[in-house]
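Novice: Quick one: sequence and predicted model below, then my questions.
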Amino acid sequence: MAQTVLHKASDRFDVKSNHGESYFSFSFGDLYREDRLGFGALRVLNDDIVFPGQGFGSHPHDNMEIISIVQEGELTHEDSLHNEGVARKNRLQIISAGSGIFHSEYNRNPDTLCRILQIWVYPDRLNGSPRYQQADYTYPSPPDQWQVIIEPLHEGDSAIGMIQQDAWFSLGNLSKGMQIPYPLKKEGNGLYVFLVKGNISVEGQTLTTKDGLGISGSREVVIQALEDSEVLLMEVPMVKMN
């Protein structure tokens with residue numbers, strides 16, 4: 001029998017700083033709640049607003065898969081492996097931090113906000129070789145179907161985002177009234193549904209914009225659009241590495 005955990009948008013941590021504002025679905029940094037330590041291998045889901053020309057100076061990461069999905073604007077990247085890149089609305093940025101990497105990222109535009117979803121996933125092994133990837137995808141996604149934008153590195157296509165974990169991310173633009181099933185790709189995985197915008201029904205729960213719902217113990221999840229909606233699905237193992 002499926003188990004669910006609902007995270008309402010209004011119950012996220014709200015953090016303001018000189019460079020922007022962030023909404024944390026899970027515990028992050030100094031903000032801690034015992035019931036908000038992630039969902040399986042999904043550790044961080046931050047909804048970030050970066051002010052014009054602002055950003056994050058060089059800082060370290062290790063043993064984490066870091067995915068940036070830009071919702072608005074452009075985000076520059078530089079790292080200690082000498083990679084440089086720009087993430088935008090239809091281009092993922094992926095860092096497999098592995099044994100350790102330093103990077104910086106900034107809002108490229110001096111006049112407009114940059115809005116990003118920053119997502120961290122525990123890798124399936126520790127201290128691998130760091131890697132950086134950009135991967136383009138179709139935006140908006142084809143209507144009423146799931147577009148895979150992240151898949152495991154061991155079976156990935158270089159045209160799709162790849163991470164060091166048996167995890168799949170998919171985007172969907174669902175039309176009002178449609179019911180779209182999502183069959184999980186690996187037994188034992190769970191599904192975290194994040195509603196980018198709109199209104200949907202999942203497993204008897206109603207989600208509105210920026211709500212999240214974690215579902216475990218199910219092999220298929222059906223999502224019904226109560227209005228035109230944009231949905232991010234994150235299928236992850238229900239174990240994590242500390």
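Specialist: Perfect, thanks for sending it.
Novice: Where does pLDDT dip in the protein?
Specialist: 156, 158-159, 240-242 (pLDDT under 70).
Novice: Contacts only, for the residue nearest to the spatial centre of it.
Specialist: Central residue of the chain (Cα atoms, centre = their mean): residue 119, 3.9 Å from the mean position. Residues near residue 119 by Cβ atoms under 8 Å, 6 or more residues apart in numbering: 42, 44-46, 66-69, 169, 234. Backbone N, C-alpha and C define where each C-beta goes, glycine included.
Novice: Look up which residues are beta-bridged to it.
Specialist: residue 45, residue 67 (DSSP bridges).
Novice: how near is it to residue 189?
Specialist: 16 Å (Cβ to Cβ, to the nearest Å).
Novice: got it, and residue 49?
Specialist: As judged by Cβ to Cβ, residue 49 and residue 189 stand 31 Å apart.
Novice: do the same with residue 26
Specialist: To residue 189, residue 26 is 18 Å away according to Cβ to Cβ.
Novice: that older thread, which of the contacts of residue 119 tops the neighbour count?
Specialist: residue 42 (28 neighbours; other Cβ atoms under 10 Å).
Novice: Next, the contact list for that residue, please.
Specialist: The neighbourhood of residue 42, defined by Cβ under 8 Å, 6+ apart, consists of 26, 119-121, 167, 192, 234, 236.
Novice: Can you name the residues that contact residue 131?
Specialist: The neighbourhood of residue 131, defined by Cβ under 8 Å, 6+ apart, consists of 95-96, 98.
Novice: Which members of the residues you listed occur in strands, if any?
Specialist: 95-96 (DSSP state E).
Novice: Could you point out which of the contacts of residue 131 is nearest to residue 138?
Specialist: When those are compared for distance to residue 138 (Cβ to Cβ), residue 95 wins out at 22.5 Å.
Novice: Can you get me the start-to-end distance on stretch 122-133?
Specialist: Terminal residues of stretch 122-133 lie 17 Å apart, using Cα to Cα, to the nearest Å.
Novice: For residue 229, which non-adjacent residue is closest in space?
Specialist: Excluding the flanking residues, the one nearest residue 229 by Cβ to Cβ, 6 or more residues apart in numbering is residue 198, at 2.6 Å.
Novice: Measure how buried that neighbour is and give me the count.
Specialist: Here the number of neighbours of residue 198 (other Cβ under 10 Å) works out to 18.
Novice: thought it was touching residue 223?
Specialist: No - the pair residue 198 / residue 223 is not scored as a contact, 10.5 Å apart, by Cβ atoms under 8 Å.
Novice: any idea what sits nearest residue 192, other than its immediate chain neighbours?
Specialist: Computed as Cβ to Cβ, 6+ apart, the closest residue to residue 192 that is not its neighbour in sequence is residue 234, at 4.4 Å.
Novice: Surely the one you found is within a strand?
Specialist: Yes - under DSSP: H, G, I helix; E, B strand; the rest coil, residue 234 sits within a strand.
Novice: how far away is the residue nearest to residue 229 from residue 140?
Specialist: The spacing between residue 198 and residue 140, counted by Cβ to Cβ, is 12 Å.
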